[in-house]
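Novice: Pasting a predicted model and its sequence here:
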Amino acid sequence: MSKLIILRHGESEWNKLNLFTGWEDVSLTDQGKIEAKLAAFAIQNLKVDVNHAYTSALKRAKDTLEIVLYILKKDIPIISDQALNERNYGSLTGMNKDEARNKWGDEQVKLWRRSYDVSPENGESLKDTCERTIPYFKKNILPKLYDGENVIITAHGNSLRSIIMYVEELSEEEIISVEITTGIPIVYEYESKNIVKKTELFVKRY
């Protein structure tokens, strides 16, 4: 049996300011670093030997992974790839979400954020994100799970939603309602190439 652990990065500076972040390379806040540590302690309680570690090309996800591996005392290579980056929010990048609602209206902003195939100007939809994230997952990560090895991925709300859509075989309608909280690990257990259990780990927040 193998385990896939997925973890959305801890709170970033732009999360704190309620800004559309996308591909902007912002840092974790102090709270975000604490979230990463608490997530690591929750993973540690699983007593699972993590064999492979993947993350995006953005430092908020990479720093989260480094914190987790340090606490797990795992000295393994970190594989970083742009395919796991957050969705590109295009012209919305850097804009306050409340200001965007005031400018374009609640419904339009909701359409950009939560529809499957509608993208903001010069940006990506969730569908676009899936088209780079899922092939990468299938080629590089899934074979390791099928071989019985344990994998952790730290990434972003939309790139992880893409992976969840694939592994849980969710429809376009089902995935748009999925929310992923910062710093909360989700664990999938694989047996004979099938998911036999999904667990969202309890993380004590201070």
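Specialist: The structure has been received and is ready for your questions. Since the structure is predicted, the reported quantities are computational estimates derived from the model, not experimental observations. Numbers count the residues shown, from 1 in each chain.
Novice: which residue packs closest to residue 166, ignoring adjacent ones?
Specialist: residue 134 (4.9 Å; C-beta to C-beta, 6 or more residues apart in numbering). (Each C-beta comes from the backbone N, C-alpha and C, glycine too.)
Novice: same for the host helix or strand of the one you found, what does it pack against?
Specialist: Element membership for residue 134 (DSSP states H and E) is helix 126-136. Secondary-structure packing of helix 126-136 (3 or more C-beta pairs under 8 Å, 6 or more residues apart in numbering; DSSP states H and E): helix 157-167.
Novice: how far does the helix it packs on sit from the chain's center?
Specialist: 7 Å (C-alpha atoms, centre = their mean, to the nearest Å).
Novice: how far is the next helix or strand after it from where the chain is centred?
Specialist: Later in the chain than helix 157-167, the nearest helix or strand by DSSP H and E is helix 172-175. Relative to the centre of its chain, helix 172-175 is centred 17 Å away, using C-alpha atoms, centre = their mean.
Novice: residues of the helix or strand that helix 172-175 is followed by that come out buried?
Specialist: Of the helices and strands lying after helix 172-175 in sequence (DSSP H and E), the nearest is strand 186-191. Along strand 186-191, these residues count as buried under the neighbour rule (16 or more other C-beta atoms under 10 Å): 186-190.
Novice: And for stretch 65-77?
Specialist: Here stretch 65-77 shows 65-69, 71-72 as buried, counting by 16+ other C-beta under 10 Å.
Novice: Then stretch 126-133?
Specialist: 126-130, 132-133.
Novice: how far off strand 186-191 does the helix or strand hosting residue 34 point, in degrees?
Specialist: Here residue 34, judged by DSSP H and E, is contained in helix 30-44. Angle between the axes of helix 30-44 and strand 186-191 is 30 degrees (criterion: axes from the mean of the first three to the mean of the last three C-alpha atoms, to 10 degrees).
Novice: Mind giving me the packing neighbours of helix 30-44?
Specialist: strand 2-8, helix 59-72.
Novice: Lovely, talk soon.
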